[in-house]
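Novice: how would this look folded up:
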Amino acid sequence: MIRIAVDAMGGDFGSVVTIPASLAFLSGHPDAALVLVGQPLVLAAHAQYAQLQAHPRCLVVEASEVVTMDDPIEIALRRKKNSSMRVAINQVKDGVAQAAVSAGNTGALMAIARYVLKTMDGIDRPAIATQLPNAAGGATTVLDLGANVDCTADHLLQFAVMGSALVAAITNNAAPSVGLLNIGEEAIKGSEIIKKAGELLRSASNSGDLNFYGNVEGNDIFKGTTDIVVCDGFVGNVALKTSEGLASMIGSFIKAEFSRNIFTKIAAIIAYPVLTAFKNRMDHRRYNGAALLGLQGLVFKSHGSADAFAFERALNRAYDAARNNLLERVRERIAHAAPLLLMAKALPAVDAVAAASSAPIDAPVFAPTH
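Specialist: Modelled structure (predicted):
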């Protein structure tokens, strides 16, 4: 039984979204259970709460406080110790649930999760990772998406190792390809940090710690050139919001074409199936649910404005991660890459690469294909 803890109060809409999403999730996953965390009086006001409360695979846990979307991190972490967000994460810490999901304040969620669960050995900063649809018919996993605005080269290496574990766990692809987001494909391009990160990633690929493709550009995210794209949180967040804006623009375009004149209406009707399929393909709600990687527990962040459909997708992602032992896979990848990660922290990137080349690592996880 996979048990997921749900922050029922978080996000722009709170229980209005989380309760119907939880019911839909339980209906579609007979081997899953939920721990619903929230304020009883608020939850009871929802028409479907009684049905969820009586569900044999749902446990309701009371929380007296709520972290709002505007709360400073200090307030959420220091003063609201009985918030639904923190109580949900505590369920993971205490072993009651295998994962927690919240649509609440991203900064607060990261701070509380890091404080309660701690980071894994070898990881300095957790990263936020999610999937963006690509033209190849699948999705590209991008990290970081906003947790770390300023990153060093070894942080980007850590992101690549954790992202590889995430994709390998969910897709059963043992050697997902990793691209480093840059202003060009050539190794000589980019900032000093990006150049150093490229050197570390190539060394990690040579030692069998990951499958490094090389530098990629922004359009490669949506082409599906690589399975994973690594970048700092500032760039990643811009890419995420751009993809969401594109999906909204397509929806608005379809509506506008149906309302202009008889000729555009006829053309829109003919093209409607194709336009709708493309809109659905780009619908960011289908990819909702970002993993907070690098913690000693599974935590997933739903978009704050998620509707019930989107929040259910976030629950699905947490379920898939727990079912496929994502946490252990991340630990294994980090343990295997530990010698390189340690050298990357202690030495300048060029020296770390040179040292790594003279210190072979036994039993590589896989043979790199690039």
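Novice: only C-alpha atoms for contact and neighbour calcs from this point on.
Specialist: Will do.
Novice: quick one: the strands in the stretch 1-150 of the chain?
Specialist: With DSSP state E, counting those that start in this stretch, the ranges of strands along the stretch 1-150 of the chain come out as 2-7, 32-38, 58-62, 99-102, 127-133, 139-143.
Novice: just these: most buried one?
Specialist: Of all those, strand 99-102 carries the top mean neighbour count, a mean of 30, counting by mean count of other Cα atoms under 10 Å.
Novice: so what's the residue positioned nearest the centre of the chain closest to, chain neighbours aside?
Specialist: Closest residue to the average C-alpha location of the chain: Ala290 at 2.3 Å, with Cα atoms, centre = their mean. Distances taken as Cα to Cα, 6 or more residues apart in numbering put Thr130 closest to Ala290, at 4.5 Å, once the chain neighbours are dropped.
Novice: distance of the one you found from Phe311?
Specialist: Using Cα to Cα, to the nearest Å, Thr130 is found at 14 Å from Phe311.
Novice: Quick check: neighbours shared by those two?
Specialist: Contact with both Thr130 and Phe311 is made by residues Asn288, Gly289, according to Cα atoms under 8 Å, 6 or more residues apart in numbering.
Novice: Provide a list of residue ranges in this structure with pLDDT below threshold.
Specialist: For the chain, the stretches flagged by pLDDT under 70 are 245-261, 263-265, 267-269, 271-284, 347-370.
Novice: Phi first, then psi, for Asp232.
Specialist: Note on Asp232: backbone dihedrals following degrees, to the nearest 10 are phi -80, psi 170.
Novice: thinking again about what came up before, may I see the strands of the stretch 1-150 of the chain arranged in TSV, with distance to Ala76 as well?
Specialist: Shown next, in TSV, are the strands of the stretch 1-150 of the chain (distance: least, Cα to Cα, whole Å):
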stretch	distance to Ala76
strand 2-7	14
strand 32-38	15
strand 58-62	17
strand 99-102	14
strand 127-133	19
strand 139-143	25
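Novice: wait, which of those strands is closest to Thr152?
Specialist: strand 127-133 (13.0 Å; Cα to Cα).
Novice: ok, residues contacting the closest one?
Specialist: Contact with strand 127-133 is made by 139-148, 159, 163, 221-222, 240, 243, 281-282, 284, 287-294, as judged by Cα under 8 Å, 6+ apart.
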